[in-house]
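Q: need coordinates for the following:
(one chain, ligands or ions: 1)
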Amino acid sequence: MISSKEILIKARDGSYAVAAFNIHNLETLKSVAQAAADLNAPLILQTTPGTVRHAGLKYLAAMANAASQENGIPIALHLDHAEDVGLIKECIDGGYTSVMYDGSKLPFERNIAVTRETVEYAHARGVQVEAELGRLGGREENIDVSDYESSLTDPEAAVQFAEETGIDSLAVAIGTAHGLYKGTPKLDYERLKQIKSRVEIPLVLHGASDVPDEMIIKAVDCGINKINIATDIKIAFVNALRQYLAEHPDENDPRKYFSTAMDAVKQVAEHKIGIAGCKNKA
Ligand SMILES: [Zn+2]
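A: Below is the predicted model of the structure:
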């Protein structure tokens, strides 16, 4: 495996994005890896701290290593949305090549200080660090416009944050939210362009599931270099599994009932790799 720093710098210099997929088990991991290999694309596998608890750090690192050895494409294993520096250090020591420290709920100065500490530990071990400034969420009915605006990433603060923390990539809040959207999301492309013009490091778009393709493509044109896909993978897997089991209520062989779910995940992954623009960029 390699650090996602190398993958993301290449993406920034080539003006495309890499699709990063949240995986939960062997089946989802193999499916996205197969999609990336078939399209000759670089791949960032990512897991939340909850998935580390679910599947186990050693299992995840071993599976990602196997995928890297089997597929002949650049693969990084990234820890997504970690708020616990202790867990970040465990994952770095256990084979993760990329981590996100998420201090977006902290006051600005505190976010800088803890992110900086994470960067020092990670960089000494060749691991890249993503951090977040601003709050993801999207426009909720009960928040007024000024609260919504202030939750988005401020371009000037982004410059200071990147300089003082030494991070390798920055997750920006420009209007996306995690999970499914109630209506069509509204992305602040002008804000994204302003951040891009001031900050050199690669920019990351969280909450990229359930966003219309043309909006992702435009965000990539405006400077996004990593799109995070979690919900769309989970939905493809479970919908295909539900349908298979409904049609084959007596089936008890996981090699059979998982196979259509894996095909569904692979199809979604191939589509996302296409709109990210990282096909043939391995
Ligand atoms: Zn996220």
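Q: what sits against the closest residue to H24 other than its chain neighbours?
A: Spatially, and ignoring its direct neighbours in sequence, H24 is nearest to T51 (5.5 Å; CB to CB, 6 or more residues apart in numbering). (C-beta placed from N, C-alpha, C; glycine too.) Residues counted as contacts of T51 (CB atoms under 8 Å, 6 or more residues apart in numbering) are N22, I23, H24, L60.
Q: state the distance from T51 to E83.
A: Per CB to CB, to the nearest Å, T51 is found 15 Å from E83.
Q: one more: S68?
A: As defined by CB to CB, S68 lies at a distance of 27 Å from E83.
Q: so which of those two has more stuff around it?
A: Applying other CB atoms under 10 Å to S68 and E83 shows that S68 carries more neighbours, namely 20 against 15.
Q: state the number of residues packed around L245.
A: With other CB under 10 Å as criterion, L245 counts 14.
Q: correct me, but it touches D253?
A: No. Counting by CB atoms under 8 Å, L245 stays clear of D253, with 11.6 Å between them.
Q: where is the longest helix in the protein?
A: For the chain, the longest helix by residue count, based on DSSP state H, is helix 254-276.
Q: identify each buried residue in that helix, please.
A: 258, 260-262, 264-266, 268-276 (16 or more other CB atoms under 10 Å).
Q: show me what that helix is packed against.
A: strand 18-22, helix 26-38, helix 213-221, strand 224-229, helix 231-247 (3 or more CB pairs under 8 Å, 6 or more residues apart in numbering; DSSP states H and E).
Q: any idea of the angle it forms with strand 224-229?
A: With axes from the mean of the first three to the mean of the last three CA atoms, to 10 degrees as the basis, helix 254-276 and strand 224-229 are set at 150 degrees to each other.
Q: state the mean pLDDT of helix 254-276.
A: Throughout helix 254-276, pLDDT has a mean value of 98.
Q: stretch 109-122 too?
A: Rounded mean pLDDT across stretch 109-122 is 97.
Q: mind checking how far it is from the chain centre?
A: From the chain centre to the centre of stretch 109-122 is a distance of 20 Å (CA atoms, centre = their mean, to the nearest Å).
Q: cool, stretch 265-280 as well?
A: Taking mean C-alpha positions (CA atoms, centre = their mean), stretch 265-280 and its chain are 14 Å apart.
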